[in-house]
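K.L.:
Here is the input, now give the coordinates:
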Amino acid sequence: MPAPDQALHPGRGRAAPWTVGFARRTHPLLLPLLWAVPTFTYFAIVIVHAPAGSQLFRASDQAWGSALIYSLLPAYLLGCSYPMWLRASQSAAALRPVLADPERVVRMISAGPVLLRVAGALFGMGFGVLQLAGALERIAGSPAVLLDASVFCGNVAVWTTVGFVVAEGLRVSVAFSRAGSNVRVDLYDFRTLRPFARVASLYVLVVMGALALMPVQAVSTDIRVENYLPGLIVGVPAGVFMFVLPLWGVHRAIAAARGERLDELRERIARVDRSDLAQLELLLGHLDRMRALHTWPVDVRMLSRALFYLVLPPLAWVAAALVEVLVDRLLA
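P.N.:
Below you'll find the model as predicted:
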């Protein structure tokens with residue numbers, strides 16, 4: 001694996017995310033804390049002193065859910081940026097024995113075009129603006145203009161962070177997909193290909209963890225489906241893509257190697273002496289084994305873990321709804 005400085009500055013226009021550089025120079029938990037604590041403190045002050053008449057909330061106490069989600073979700077994503085990069089870099093290094101050009105692949109995964117992350121952040125920013133664009137005129141004339149404007153800016157900040165992290169995750173996923181297309185495949189031992197599955201599982205866990213945080217925004221209000229739609233629209237496709245993409249290249253490489261092996265076995269079966277039943281049975285059995293060979297480097301344990309990650313958000317939302325019902329009944 002390249003030295004830290006080489007990984008962070010491998011060439012013009014290519015670098016590891018700035019969040020990674022910050023985490024390596026300080027501590028991985030410092031950046032999330034630097035976001036979460038000041039952001040929540042600011043919102044707490046604004047909410048406490050906000051006059052009535054908010055255009056975004058029926059009551060000012062409903063803003064506490066927004067304050068929590070705007071504080072916790074970007075902090076969570078920024079905190080995940082370093083572990084995601086570290087796992088990807090370590091997995092790329094572990095793949096060296098089966099890669100044709102390992103150093104190039106390690107550099108490609110450890111660092112990428114800065115403009116891609118900027119584009120992702122800008123796309124997320126635009127998505128955040130569009131969600132509340134219809135309320136801008138009402139916010140400008142709101143008696144609680146500072147609260148409403150802060151919520152608007154908080155929403156934009158959240159989606160800017162989401163766009164940045166998703167863009168980096170998709171970039172690394174594509175890099176692993178390209179690396180997998182040229183990997184040397186041993187059809188009888190997939191252990192060397194496990195780094196592809198480990199990266200895919202981690203990335204889907206990060207995305208589903210972000211979706212599982214969404215019920216926090218309902219802490220002071222009812223759980224409403226429309227509050228979850230933007231996260232679902234972005235999170236579910238991103239999670240699926242970042243699980244499938246790292247595996248797609250190696251899946252095709254395994255399928256190609258299996259196809260070649262099947263053709264070879266069929267040729268040997270066509271040439272074998274039909275009176276040599278032992279040899280014929282051996283080849284036919286091996287042919288059946290190759291036909292049944294799965295072409296995804298994911299074992300049952302890892303696949304079940306990934307499926308569990310996918311059900312985390314619905315479980316969190318159901319739990320939040322049950323807690324809300326329970327509290328309502330206790331207070332009734």
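K.L.:
Report the mean per-residue pLDDT for stretch 145-154.
P.N.:
In this model, stretch 145-154 has a mean pLDDT of 93.
K.L.:
Also stretch 282-289?
P.N.:
Per-residue pLDDT values across stretch 282-289 average out to 91.
K.L.:
Give me the longest helix you can find in the protein.
P.N.:
Ranked by residue count under DSSP state H, the longest helix found in the chain is helix 229-271.
K.L.:
what distance separates that one from the middle of the whole chain?
P.N.:
On the basis of CA atoms, centre = their mean, to the nearest Å, the separation between the geometric centre of helix 229-271 and that of its chain is 19 Å.
K.L.:
which other helices and strands contact it?
P.N.:
Contact partners of helix 229-271 among helices and strands, from 3 or more CB pairs under 8 Å, 6 or more residues apart in numbering; DSSP states H and E: helix 114-132, helix 145-181, helix 194-212, helix 277-292, helix 300-331. All C-beta atoms are positioned from the backbone trio N, CA, C, and that covers glycine.
K.L.:
In this protein, which residue sits furthest out from the middle?
P.N.:
Among the residues of the chain, the one whose C-alpha is farthest from the average of all C-alpha positions is residue 275, by CA atoms, centre = their mean at 56.6 Å.
K.L.:
State the pLDDT value of that residue.
P.N.:
According to the model's per-residue confidence, residue 275 sits at a pLDDT of 82.
K.L.:
So it: helix, strand or coil?
P.N.:
coil (DSSP: H, G, I helix; E, B strand; the rest coil).
K.L.:
coming back round to it: need the helices and strands packed on helix 229-271 in CSV with distance to residue 247, can you?
P.N.:
Below are the helices and strands packed on helix 229-271 laid out as CSV (distance: least, CB to CB, whole Å):
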stretch, distance to residue 247
helix 114-132, 21
helix 145-181, 7
helix 194-212, 5
helix 277-292, 19
helix 300-331, 10
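K.L.:
Lowest average pLDDT across those helices?
P.N.:
Within the helices and strands packed on helix 229-271, the stretch with the lowest mean pLDDT is helix 300-331, showing a mean of 56.
K.L.:
What does the residue farthest from the centre of the chain show for phi and psi?
P.N.:
Backbone dihedrals for residue 275, given as degrees, to the nearest 10, come out at phi -80, psi -20.
K.L.:
so residue 35 sits right up against residue 81, yeah?
P.N.:
No: because the distance of 11.7 Å does not satisfy CB atoms under 8 Å, residue 35 is recorded as not touching residue 81.
K.L.:
Surely residue 70 and residue 43 touch.
P.N.:
Yes: using CB under 8 Å, residue 70 and residue 43 qualify as a contacting pair, with a distance of 6.8 Å.
K.L.:
what about the nearest residue to residue 193 once chain neighbours are set aside, neighbour count?
P.N.:
Taking CB to CB, 6 or more residues apart in numbering, and ignoring the residues beside it in sequence, residue 193 has residue 297 as its nearest neighbour in space, at 3.9 Å. Using other CB atoms under 10 Å, the number of residues around residue 297 comes to 25.
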